[in-house]
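Participant: got a predicted structure here, sequence first:
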Amino acid sequence: GRHAFHGSPRILEKHRRVNRTEVLPVAVAKDPFTWFRSACRRPGGMRFKRGETCPSPVGPVRYEERPWESLGHLWGAWHASYMG
């Protein structure tokens, strides 16, 4: 889905029966600032404090009940999860 780590337990369970040898994964990476603005418009499972800069790229954020130091940290982990 749009707001799900590809390796999250929820996604893995949903696609457990898919033959991975027949799948071509494609990921589109937005630059972090565009992604931050998108998170403000459609936060999905993200929870953050809204302020003058919605959301603050340096403030704490929660995603799927996991705390992150900032949106930048979440963005980095999100995209790094596709590399591993």
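Facilitator: Nice, I can see it. Numbering: from 1, shown residues only.
Participant: show me the shaky parts of the chain.
Facilitator: For the chain, applying pLDDT under 70 flags the ranges 1-8, 11, 50-53, 55, 57, 82-84.
Participant: mind doing that once more with 80?
Facilitator: The chain contains residues with pLDDT under 80 at 1-16, 18, 20, 23, 25-30, 39-40, 43-58, 79-84.
Participant: where do the strands sit along this structure?
Facilitator: 46-48, 61-63, 66-68 (DSSP state E).
Participant: using CSV, lay out those together with distance to H79 and mean neighbour count.
Facilitator: C-beta here means a position set from N, CA and C on the backbone, and glycine is covered the same way. Output for the strands of the chain, formatted as CSV (distance: least, C-beta to C-beta, whole Å; neighbours: other C-beta atoms under 10 Å):
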stretch, distance to H79, mean neighbour count
strand 46-48, 15, 18
strand 61-63, 14, 19
strand 66-68, 13, 14
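Participant: can you lay out those strands as CSV showing distance to C54?
Facilitator: Output for the strands of the chain, formatted as CSV (distance: least, C-beta to C-beta, whole Å):
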stretch, distance to C54
strand 46-48, 8
strand 61-63, 12
strand 66-68, 17
